[in-house]
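Trainee: Show me the folded form of this:
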Amino acid sequence: MQRGDSLPDFYGGLYLPEYEESKELTDNKIEEITPRSVFIEESRVSLAVGEEAKISVQIGDEVKIGQPLSVGSNLLPLSFASVSGTVRSIGTVGDSEQRFIEIENNRKNEKAELREDGFSSSPSSGKRDIWSYTREQLLLLMERTLLTGHGGAGFPAYKKYQTKKNIDCVLINICECEPYLTCDRALTVGAAQDVIEGAVLLSRAANSERIVVCIEDADLITPLSKTVKAAFRDVKIQKADEHSIIYRSGSEDFSSSRSRSASSPSQSWEIELLRVGGKYPSGSERQLIKAAVGREVPFGGLPADAGVLVSNAATAAAFRRSVNGGYPAVRRIVTVSGAITKPKNLLVPEGTKIAELAAVCGEFTEPLRSGRKQAAIILGGPMTGEWATLDTPVPLSVGGVTVLPAIFGEEGACIRCGRCERSCPAGIVPYQIDRADRAVLPHELLSLSAGACIACGLCSYVCPAHRRLTAHTLHAAKLARRFAD
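Mentor: Got it, this is the predicted structure:
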């Protein structure tokens, strides 16, 4: 990862070894996957206690891309078909408690008809003027297309952007500081216009006039800068240095250079392209906010409490496409890398099983995990991802499948070296929390602020005794919350 003492920084963290094939992956063409079947979760988002998803299709039904498959109590969609085909089964997959709708792909790529509701166009209507939407319409479109975060958590974006707090800055996160993952870089290289215009639309949804696009790699600033100048007619450089460029709209009425007669964003705004470096976990919300705008998110609070909203680059691009065409996001770029012979960035329909991704990426270079000393499949990146199998469907929120080499050691006794404390970006002391959690000392866990853990995985990564510090800290946080309640 790139280093630099003068780059924006935050407390703790670590520069991790860079995956040697990462840049090569983004230079290669993104390969589109056509799965035999997809398995769509009955709800893309977590439901409130007592709420259930109502599946609106039956086995044998024919469905089309973008068709709602389930709805909530408010009758808004909770899931969509990512391919066209036939519903073959409805049930659980693996250890998941959620039901999945299996769709056998007919490979026709048929799209569902869209409702004429004032901001959705039919497939024959062509592209829409994306700058004609009000903030209220953008928020409603987010809700109806179930826009969720593409950075891992999958939080519903419309709930984030509906905040009544005063938001004066929207951060767009393109910081892939976790090894192996290059999906956001590949997206930015191949579709910078979607990222930039999506960022502007998100800022309008937040009622904010400032956008900061946070970049790890310096070589992305030039193509993004060209995109800003090409996409908008009247922007001027307000400030530029070796790490950032700030553009400001030159008037209250600037428009897309490709559609001079169309309506344009009515508000003046500025967009900054900022390099924040590659120290892990610079992509975490709290750390990114500190590095990019110098603000602290209060303990127990949200980014909105600091006047900031953060969205992933893939979320911005997905929103721009939904605004432009009216369809929900149902596919994304996924990096498949690690202990596999042909790592690739793939364009994947939501719900495709990992086995279908692995099939086009060559062979595993090590036997898959049956014990701690064999390779493992991780859904996500090696630091924050979850154990998975070849039968695990890939959700829309996850941008990577990592085949992690056999690097696992047996857990030993803590040697009080303090590495976990020095690297922790949350400023807590993992080895003390680990001890209190194993001894079940809730009073001590509260005093140690276990709830501040951001689950970055650094404490476990640096521990020479291979202790499961992250897992115990997260368990401790849950225990402390129960005790506090």
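Trainee: Point out where the chain drops to low pLDDT.
Mentor: Residue ranges of the chain with pLDDT under 70: 1-7, 19-24, 26-27, 48-50, 115-128, 250-267, 369-374, 406-408, 484-485.
Trainee: all helices for it, in order.
Mentor: 22-27, 135-144, 157-161, 183-190, 192-205, 221-231, 285-293, 313-325, 354-358, 419-423, 430-438, 442-447, 458-462, 469-484 (DSSP state H).
Trainee: Tell me which of those sits nearest to S89.
Mentor: Closest to S89 of the helices of the chain, according to CB to CB: helix 354-358, at 16.7 Å. (C-beta placed from N, C-alpha, C; glycine too.)
Trainee: what's the closest of the helices of the chain to G91?
Mentor: G91 lies closest to helix 354-358 among those, at 18.1 Å (CB to CB).
Trainee: So which elements touch the closest one?
Mentor: Packing partners of helix 354-358 (3 or more CB pairs under 8 Å, 6 or more residues apart in numbering; DSSP states H and E): strand 331-338, strand 400-404.
Trainee: I'd like these laid out as JSON lines, including distance to S46 and mean neighbour count.
Mentor: Output for the helices and strands packed on helix 354-358, formatted as JSON lines (distance: least, CB to CB, whole Å; neighbours: other CB atoms under 10 Å):
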{"stretch": "strand 331-338", "distance to S46": "19", "mean neighbour count": "25"}
{"stretch": "strand 400-404", "distance to S46": "21", "mean neighbour count": "26"}
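Trainee: Out of those strands, which gets nearest to I30?
Mentor: Comparing these against I30 with CB to CB, the closest turns out to be strand 331-338 (6.1 Å).
Trainee: Can you list the strands that the closest one pairs with?
Mentor: strand 344-349 (antiparallel), strand 400-404 (parallel) (DSSP bridges).
Trainee: what about A153, neighbour count?
Mentor: 12 (other CB atoms under 10 Å).
Trainee: contacting residues for the residue nearest to it when sequence neighbours are not counted?
Mentor: Leaving aside its chain neighbours, A153 sits nearest to S397 (6.6 Å; criterion: CB to CB, 6 or more residues apart in numbering). If you count contacts by CB atoms under 8 Å, 6 or more residues apart in numbering, S397 has them with T148, G149, H150, G151, G152, A153, G154.
Trainee: what about S447, neighbour count?
Mentor: Neighbours of S447 (other CB under 10 Å): 12.
Trainee: Would you quantify the distance from it to I428?
Mentor: 11 Å (CB to CB, to the nearest Å).
Trainee: Pick out the residue closest to the middle of this protein.
Mentor: In the chain, the centroid-proximal residue (CA atoms, centre = their mean) is G151; its distance is 1.0 Å.
Trainee: where does that one fall, phi/psi-wise?
Mentor: Per-residue torsions, G151: phi -100, psi 0 (degrees, to the nearest 10).
Trainee: isn't it right up against A316?
Mentor: No - using CB atoms under 8 Å, G151 is not in contact with A316; the gap is 10.6 Å.
Trainee: Reformat the contacts of S397 as JSON lines; add distance to V403.
Mentor: Formatted as JSON lines, the contacts of S397 follow (distance: CB to CB, whole Å):
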{"residue": "T148", "distance to V403": "26"}
{"residue": "G149", "distance to V403": "25"}
{"residue": "H150", "distance to V403": "22"}
{"residue": "G151", "distance to V403": "21"}
{"residue": "G152", "distance to V403": "18"}
{"residue": "A153", "distance to V403": "23"}
{"residue": "G154", "distance to V403": "22"}
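Trainee: mind listing which of those are in strands?
Mentor: Judged by DSSP state E, strands contain none of the contacts of S397.
Trainee: Out of the residues you listed, grab the one that's most surrounded.
Mentor: Ranking the contacts of S397 using other CB under 10 Å puts H150 first, with 29 neighbours.
Trainee: follow-up on the earlier one: now do the phi/psi pair for the residue nearest to A153.
Mentor: phi -80, psi -10.
Trainee: Could you measure from it over to V334?
Mentor: 11 Å.
Trainee: cool, and A318?
Mentor: A318 is 14 Å from V334, by CB to CB.
Trainee: One more: A439?
Mentor: On the measure of CB to CB, A439 and V334 end up 41 Å apart.
Trainee: do the same with G427
Mentor: 33 Å.
Trainee: With just CA atoms, put stretch 358-367 into PDB.
Mentor: The C-alpha coordinates for stretch 358-367 follow below in PDB (Å, rounded to 0.1, in the frame of the first residue of the first chain):
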ATOM      1  CA  ALA A 358     -14.500 -19.900  -9.000                       C
ATOM      2  CA  ALA A 359     -15.200 -22.000 -12.200                       C
ATOM      3  CA  VAL A 360     -14.000 -19.200 -14.500                       C
ATOM      4  CA  CYS A 361     -11.000 -18.300 -12.300                       C
ATOM      5  CA  GLY A 362      -8.800 -21.400 -12.800                       C
ATOM      6  CA  GLU A 363      -7.900 -23.800 -10.000                       C
ATOM      7  CA  PHE A 364      -7.300 -23.400  -6.300                       C
ATOM      8  CA  THR A 365      -3.500 -23.400  -5.600                       C
ATOM      9  CA  GLU A 366      -4.100 -25.100  -2.200                       C
ATOM     10  CA  PRO A 367      -6.600 -27.600  -0.800                       C
END
